[in-house]
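>>> Pasting the sequence and the predicted coordinates here, then a few questions.
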Amino acid sequence: MATIFDVAEKAGVGVGTVSRVLNGSPLVSKDTRARVQAVIDELDYEPSTLARGLSSGRSTTVAVVAPFFTRPSVVERLRGVVEVLSETDYDVVLFNVETVDQRDRRFRTLSQRGRAAGTVVISLQPSEAALDRLQGREVPAVFIDREIEGYPHLVIDDIAGGRLATRHLLDLGHRRVAFVGDVDDSDFEFVAGARRLEGYRQAMAQAGQELDPALVRLGPHGREVAHQLTRELLDLDEPPTAIFAVSDTQALGVLEAARAAGVEVPGHLSVIGYDDIETSAYVGLTTVRQPLYESGVRGTRKLLDLLAGR
């Protein structure tokens, strides 16, 4: 694959001249421009969109910042983002975030001149310093699954979703309803799990059910952890007859634990998840549908509106 250095060498000019040709600068003579363009065509050179943005101050790149991007719910949101951008001239750069240091580095990069025309942020809470830099550099940004004051954002009512899931189980006649969820993540400050737990508590209280602390089990996000938490619930002297899992991924762990313990679902245990990821349909999981793909679509369209001055 040809580089800008290959083009400069073959055309007998400096790298800066090639860059000026690529960016349409009027500071290049007609003959030099024609010679450089001929070499670009000959070598089939395609410049990096990020590099062009850095040199021109304008970018044709949209950055997407997402945590743990292999998680099914994040994948669905990303699918919506990419679907919309595939119909435009914007390129997509994905920044995966798995630590707070990574998060802060990603936002520092995005606030640099020409790095991205705009950004879509999924589920993450930037630091105050990062928000100040984005605002100072006037980088358009849309937040999905996160409420950020002063920025366009799309969120769902997770408290209402938690009530909905719990009421479904209560309406089936269950009274020993357990909750399998996430521990508080002080690093990333994710809020969806805590809000769904609040919805669970509200629904139990509204139904006049005393909340047994032993029925609320929290652990790091993941199927294997949910499996272990469910085993602990099933080993109680008075085990639950229904379990609300805070995500479909964790609900799969609940189902696996029930099967390993010889507990029939839904015969002896009812289970409900949250998200409606693709896998849930294949295992027959009852779940609260969250518009994951649609949120990616709508958030990205909003960003395109901002970039177009709408």
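Perfect, I can see it now.
>>> Gln102 versus the residue nearest to Arg106 when sequence neighbours are not counted, what's the distance?
Nearest non-adjacent residue to Arg106, counting by Cβ to Cβ, 6 or more residues apart in numbering: Phe95, 4.4 Å away. Where C-beta positions appear, they are placed from N, C-alpha and C, glycine not excepted. As for Phe95, its distance to Gln102 is 8 Å (criterion: Cβ to Cβ, to the nearest Å).
>>> Tell me which residues of stretch 146-160 come out buried.
The neighbour-count check on stretch 146-160 (16 or more other Cβ atoms under 10 Å) flags Arg146, Ile148, Tyr151, Pro152, His153, Leu154, Val155, Asp158, Ile159 as buried.
>>> what's the answer for stretch 31-47, then?
So, applying 16+ other Cβ under 10 Å, buried residues of stretch 31-47: Thr32, Arg33, Arg35, Val36, Gln37, Val39, Ile40, Tyr45, Pro47.
>>> residues in contact with stretch 295-310?
The contact list for stretch 295-310, computed with Cβ atoms under 8 Å, 6 or more residues apart in numbering, reads 62, 76-85, 88, 117-120, 122, 140-145, 152, 154, 156.
>>> and the residues you listed, which of them are in helices?
Mapping these onto helices (DSSP state H) picks out Glu76, Arg77, Leu78, Arg79, Gly80, Val81, Val82, Glu83, Val84, Leu85.
>>> Can you turn the buried part of the residues you listed into a ChimeraX selection?
Only the buried entries of these go into this ChimeraX selection, using 16+ other Cβ under 10 Å:
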select :76,77,78,80,81,82,84,85
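>>> Relative to Thr3, which of the ones in helices among the contacts of stretch 295-310 is nearest.
Distance to Thr3 across these (Cβ to Cβ) is lowest for Leu85, with 26.1 Å.
>>> where along the stretch 201-310 of the chain do the helices fall?
Counting by DSSP state H, counting those that start in this stretch, one finds helices in the stretch 201-310 of the chain at the ranges 223-234, 248-260, 278-282, 292-307.
>>> gap between the shortest one and the chain center?
Between the mean C-alpha point of helix 278-282 and the mean C-alpha point of its chain there is a distance of 20 Å (Cα atoms, centre = their mean, to the nearest Å).
>>> buried sites along it?
By neighbour count on 16+ other Cβ under 10 Å, the buried set for helix 278-282 is Ser280.
>>> going forward, begin numbering at 42 instead of 1
Yep, numbering from 42; the last one is helix 319-323 now.
>>> And the contacts of that helix?
So helix 319-323 is in contact with Pro113, Glu117, Asp289, Ala292, Leu293, Gly314, Leu326, Thr328, going by Cβ under 8 Å, 6+ apart.
>>> Run a quick neighbour tally on the fifth one.
In terms of burial, Leu293 registers 22 neighbours under the definition other Cβ atoms under 10 Å.
>>> That one: what's it in contact with?
Arg264, Ala267, Gly314, Thr320, Val324, Leu326.
>>> same thing but at 10 Å, please
Pro113, Arg264, Ala267, His268, Ala286, Val312, Gly314, Ile318, Thr320, Ser321, Val324, Leu326 (Cβ atoms under 10 Å, 6 or more residues apart in numbering).
>>> ditto for the third one
With contacts defined as Cβ under 10 Å, 6+ apart, the neighbours of Asp289 are 113-114, 264, 313-321, 324, 326, 328-329, 331.
>>> for the last one, same thing?
If you count contacts by Cβ under 10 Å, 6+ apart, Thr328 has them with 206, 286, 288-289, 292, 312-318, 321-322.
>>> so what's it bridging to?
Gly314 (DSSP bridges).
>>> Tell me the confidence at it?
The model reports Thr328 with a pLDDT of 97.
>>> Give me the below-cutoff pLDDT ranges for the protein.
42, 64, 88-100, 153-155, 226-227 (pLDDT under 70).
>>> hey, where'd the strands end up in it?
102-108, 132-138, 159-163, 182-185, 194-195, 218-223, 257-260, 283-286, 311-316, 327-330 (DSSP state E).
>>> now for the second one, which elements pack on it?
Of the remaining helices and strands, those touching strand 132-138 by 3 or more Cβ pairs under 10 Å, 6 or more residues apart in numbering; DSSP states H and E are helix 90-97, strand 102-108, helix 113-126, helix 141-151, strand 159-163.
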